[in-house]
Structures are given as structure tokens and as C-alpha cells.
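*Asks:* Let's see this in three dimensions:
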Amino acid sequence: MSQAAGPPPAAEEPVTRESGTQALDRALSVLLAFRSGSVERKVSDVSRELGLHKSTASRLFRALADTGFLQRNDETGAYRLGVTVFELGARFLSGLDMHALARPLLHQLAQDQGESVNLSIRDELDALSIYIEHGTHNVQLVSRLGRRIPLWCSAAGKALLLDHDDEQIRALFADTEFTPLTRNTVADLDTFAERMHQAREQGWALNDEESEEGLRVVAAPVRDQFGHVTAAISVSGPIFRLDEARVAELAAAAVRTADELSRQMGHGVGAIWGH
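*Replies:* Have a look, this model is predicted:
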């Protein structure tokens, strides 16, 4: 006598053998799902977002948790990024070479704009040039690798100080003698503080014949993974080519390049880890 058939079992995903590439793609998709949204995410939410069967997503979450890429909250059942992600991120940041990352970006900026481009860092109260790309125009203002210019009369110098507020600026330069290099060099701390306020407002800095007659320079800040200004990208040219409209164009280009270098240097990563 045949036995009466019971209700059909709940539908499950057919067990199929995934290729290594398919499994890797799915695991990476799960990790990338943590780039936005809540710090903790549930398997059901991610599986729905990625179009994965829940059983497949569960296997991926468990495998990623076993290797430390994810960490499970036993109280909520949700997952967050694990310590392995932090360890890999830390190794990435420690291995960054700003000089190497900057070279192709500065080369492209010089080619696109035709003007000379510098990468500078701060050394006490000087801006120190550590890399130069010459432009394509016939008339170029010669810059020297390793040249030092006081922060207070340099576009790069002012850009390097853009994370300093007015109080910090005044404390830093309280004992500074503003020796004039040209007729446009700032003469006192009050004037310099005003120029720094303007630079902070616009997000870039200008040197309008302050360090050398006939020279205009714009500069934008490069930020590290924690948002601190660590370098400056400047574009310079003779005043007969750099009128007000051209200065605005070059400033926008310098900001774009500096932002891209900042991104490659990990800008914003520090916020993820609570710094």
C-alpha cells in the first residue's frame, strides 16, 4: 500500500559545484557590500541586495568569518568587517609611496595645463619642493628641486597650512619676521591670517608675486588617510599667462589632482577606523 505523499519540502537552492572564480566573485561582492550602509549587516539583507540565495550567502558569510574578513555579532546575528580587513588596510597604508603615486598625476597635470607643477612638503616654516614636472609652454619659470620657500609667501606653503585655524596660524607665526621678498610679500601676521582665511574658504591657495616678481602660483592640499594635510600640489606660470580666469582654471585642476592623490593615499580610510 502506497504511503500518502506529504507537503513538498521548502525550496532550497540546488547544490551545485561553484567554480573558483564564481565563488571568489561572490565572496568579494559580499565584502564590497560593506563599503556603504550600516556598520553591521544581516545575511538576508546582503543576499537580497546581491541577488544571492540565502543559503549561498550564509556559506559565504561563514567562510569570510572563518578567515577573519567578517565578524559575527552573536547577539544580533549580524556581521561587521573583521580584523583581517584592518590588517590588510594597515599594510596597504604603510606601503604607500606618495612620490611614486604622485608622478603620473603631476605629469598629466603638467601636460594638460602646459605649466610647471610641483609637489611640496612642509619642513618647519618652509615649503620644500620634492618633485617637479615641467610644462609644455616655450616660456617656463625654472624651479629647483629641493628649493625652500617660506610658508607665508608660498602657494604651496599656504596650502600645507589649510588644516590650521586662525588661532593655530597666529601661534605658529607669532615670532616670525615677515621679510619682504617682493612688493607683494605679506608684511605682518594680520595680513597673513586674512589670506589664510580666504585660502581655507576656497580650498586652495594663491601666490600672487609674493615670492618672485612676475610669478603666479596656485596650490591645493594633499591629505592623508586621516584627513591631515601632508603635501601640496602647485601649478606656476608667468603673470602674462595667468590672468584671473586662468588662475581659476589652474586652481580647479590642481584641486582635482590633489584630491585624486589624496584618494590614492587612503584619504577617508581613517574615518572608517574611528580616527
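
*Asks:* where along this structure do the helices fall?
*Replies:* 20-32, 43-50, 54-66, 83-94, 98-113, 155-159, 166-172, 189-202, 244-264, 269-272 (DSSP state H).

*Asks:* between those, which one is nearest to residue 223?
*Replies:* Of all the helices of the chain, helix 244-264 sits nearest to residue 223, with 4.5 Å by Cβ to Cβ. All C-beta atoms are positioned from the backbone trio N, CA, C, and that covers glycine.

*Asks:* List the buried residues for that closest one?
*Replies:* 246-247, 250-251, 253-255, 257-262 (16 or more other Cβ atoms under 10 Å).

*Asks:* Quick one: low-confidence residue ranges for the stretch 1-150 of the chain.
*Replies:* Across the stretch 1-150 of the chain, residues meeting the criterion (pLDDT under 70) sit at 1-19, 90, 92-96, 138-143.

*Asks:* ok, 80 please
*Replies:* For the stretch 1-150 of the chain, applying pLDDT under 80 flags the ranges 1-20, 35-37, 89-96, 138-146.

*Asks:* ok, residue 151 - contacts?
*Replies:* Residues counted as contacts of residue 151 (Cβ atoms under 8 Å, 6 or more residues apart in numbering) are 122, 125, 126, 127, 157, 158, 160, 161.

*Asks:* Which residue is the nearest non-sequential neighbour of the first one?
*Replies:* In other words, residue 122. Spatial nearest neighbour of residue 122, excluding adjacent residues (Cβ to Cβ, 6 or more residues apart in numbering): residue 160 at 4.4 Å.

*Asks:* Looks like the one you found contacts residue 123 (just checking).
*Replies:* No. Counting by Cβ atoms under 8 Å, residue 160 does not reach residue 123; the two are 9.8 Å apart.

*Asks:* Next up, the contacts around residue 203.
*Replies:* 162, 220, 221, 255.

*Asks:* Residue 161: what's it in contact with?
*Replies:* Here residue 161 is in contact with 122, 151, 169, 172, 196, 229 (Cβ under 8 Å, 6+ apart).

*Asks:* Please repeat the previous calculation with a cut-off of 7 Å.
*Replies:* 151, 169, 196 (Cβ atoms under 7 Å, 6 or more residues apart in numbering).

*Asks:* would you turn those residues into a markdown table with pLDDT and distance to residue 233?
*Replies:* Listed next are the contacts of residue 161 as a markdown table, based on pLDDT from 0 to 100; distance: Cβ to Cβ, whole Å:
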| residue | pLDDT | distance to residue 233 |
| --- | --- | --- |
| 151 | 95 | 16 |
| 169 | 96 | 21 |
| 196 | 96 | 18 |
